[in-house]
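> can't give you the sequence, but here's the structure:
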């Protein structure tokens, strides 16, 4: 230090060689994290802009990011993210660096067979995970999928079991879903069904997990939308929408995807031959009600399209 009089000296203390504690093992086992933390601290101390490397435990906030989107990206909760970074609000600034707490990888997995039309994003949504997590547990380097490909998917290990139900004459998936306080899509996913057709004597798995007070669907913001208008459409409140989506203001952007409470609605996947009229008859509703609920601009449907049904 005496030989560098014109330069500021920074001393970094990792631990003590003569420590009787765990200093040495901590340095040995966590040297990469420590090195990155030192780099971050020096850059910020010197007034520079630190950008976290992709493989570090830090994430640099970008335009359009929110605590909810970042937490989904890394498979953690908003509360875990806020607690790890000592945040007292949901406000973020571009360039802000967040520490991403690591998740224990004791997730149990099942298998999913890729079918026509599948994407990693859709599969991740179905199993409550992220695209990055799916790629990680399947050692994938791209988002490309092949029909018939077998993927590992995370399965809940919270101790909930599945009940079984034997189909009887007159049963429909909609009626069974209502009876067990679940959704048609949930039953189809759990039983790997590709249609709504049932056969008498067929055994169905029914999720017995009843601790989710609010199930959700998604809604894509279109021109002219307001939180108040969307809340009215889905029978909820602006405050509930903001809480559900971790919004700090009422501002919306076209194309933004919002979670909306799915109270008395069910989700239906359009199949070949379907029309709005035939779907309305099957579910005891009207074409106009389906159009209004889904904000449809046309009566034309596409196979695989998801519709909310009252």
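It's in. Please read these numbers as outputs of a predicted model, since none were measured by experiment.

> any low-confidence regions in the stretch 101-250 of the chain?
Across the stretch 101-250 of the chain, the ranges flagged by pLDDT under 70 are 102-109, 128, 155-163, 178-181, 207-216, 235, 244, 246.

> all strands for it, in order.
Applying DSSP state E, counting those that start in this stretch to the stretch 101-250 of the chain gives strands spanning 108-113, 150-155, 162-166, 203-207, 216-220.

> The spatially most central residue of the chain: what's it in contact with?
Residue closest to the average C-alpha location in the chain (CA atoms, centre = their mean): residue 72, at 4.9 Å. The contact partners of residue 72, taken as CB atoms under 8 Å, 6 or more residues apart in numbering, are residue 130. Where you see a C-beta, it was placed from the backbone N, CA and C, and this is true even at glycine.

> sec struct for the closest residue to residue 195 other than its chain neighbours, please.
In space, not counting the residues next to it along the chain, residue 195 is nearest to residue 271; the distance is 6.5 Å by CB to CB, 6 or more residues apart in numbering. Residue 271 carries the three-state label coil when classified by DSSP: H, G, I helix; E, B strand; the rest coil.

> Give me the domain ranges for the protein.
Following automatic domain parsing, one gets these domains for the chain: 23-99, 108-155, 162-207, 216-309.

> Out of these, which gets nearest to residue 15?
The closest of those to residue 15 is domain 23-99. By CB to CB, the value is 3.1 Å.

> What ranges does the protein have for its helices?
Ranges of helices in the chain, per DSSP state H, are 23-45, 67-73, 78-84, 120-126, 131-137, 173-179, 184-191, 227-233, 238-245, 276-282, 287-294.

> now those helices in a markdown table, with distance to residue 166?
Conversion of the helices of the chain to a markdown table gives the following (distance: least, CB to CB, whole Å):
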| stretch | distance to residue 166 |
| --- | --- |
| helix 23-45 | 54 |
| helix 67-73 | 37 |
| helix 78-84 | 41 |
| helix 120-126 | 25 |
| helix 131-137 | 33 |
| helix 173-179 | 10 |
| helix 184-191 | 13 |
| helix 227-233 | 37 |
| helix 238-245 | 36 |
| helix 276-282 | 22 |
| helix 287-294 | 31 |
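
> nearest to residue 95, of these?
Of the helices of the chain, nearest to residue 95 by CB to CB is helix 23-45, at 10.9 Å.

> what's the distance between that closest one and the middle of its chain?
31 Å (CA atoms, centre = their mean, to the nearest Å).

> that older thread, quick one, which of the strands of the stretch 101-250 of the chain is nearest to residue 98?
With distances scored as CB to CB, the stretch of those nearest to residue 98 is strand 150-155 (23.2 Å).

> Could you list the buried residues of that closest one?
By neighbour count with 16 or more other CB atoms under 10 Å, strand 150-155 contains the buried residues 151, 152, 153, 154.

> Is it correct that the last one is in contact with residue 130?
No: checked against CB atoms under 8 Å, the pair residue 154 and residue 130 is beyond contact range at 9.8 Å.

> and the gap between residue 295 and residue 226?
Applying CB to CB, to the nearest Å, one obtains 13 Å for the distance of residue 295 from residue 226.

> How about residue 175?
36 Å.

> for residue 201, what are its contacts?
For residue 201, the contacting residues are 166, 167, by CB under 8 Å, 6+ apart.

> Same list (the buried residues of strand 150-155) but as JSON lines, adding distance to residue 134.
Below are the buried residues of strand 150-155 laid out as JSON lines (distance: CB to CB, whole Å):
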{"residue": "151", "distance to residue 134": "7"}
{"residue": "152", "distance to residue 134": "8"}
{"residue": "153", "distance to residue 134": "7"}
{"residue": "154", "distance to residue 134": "8"}
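
> what's the closest of those residues to residue 91?
residue 154 (30.6 Å).

> Look up which residues are beta-bridged to the closest one.
residue 109 (DSSP bridges).

> quick one: residue 130 and residue 74 touch, right?
Yes: with contact defined as CB under 8 Å, residue 130 reaches residue 74; the gap is 7.3 Å.

> Which residue comes closest to residue 299 once chain neighbours are left out?
Once flanking residues are discounted, residue 299 sits nearest to residue 276: 5.2 Å by CB to CB, 6+ apart.

> residues touching residue 100, list them.
Residue 100 neighbours (CB under 8 Å, 6+ apart): 57, 58, 59, 74, 76, 81, 84.

> Show me which pair in those is furthest apart.
So, these by CB to CB: farthest apart are 58 and 76, at 13.7 Å.

> Quick check, pLDDT for residue 77.
Here the pLDDT value assigned to residue 77 is 81.

> who's in contact with it?
Per CB under 8 Å, 6+ apart, neighbours of residue 77: residue 71.

> Hmm, residue 168 is touching residue 200, no?
Yes: between residue 168 and residue 200 a contact is recorded at 6.2 Å, counting by CB under 8 Å.

> Many thanks, I have nothing further to ask.
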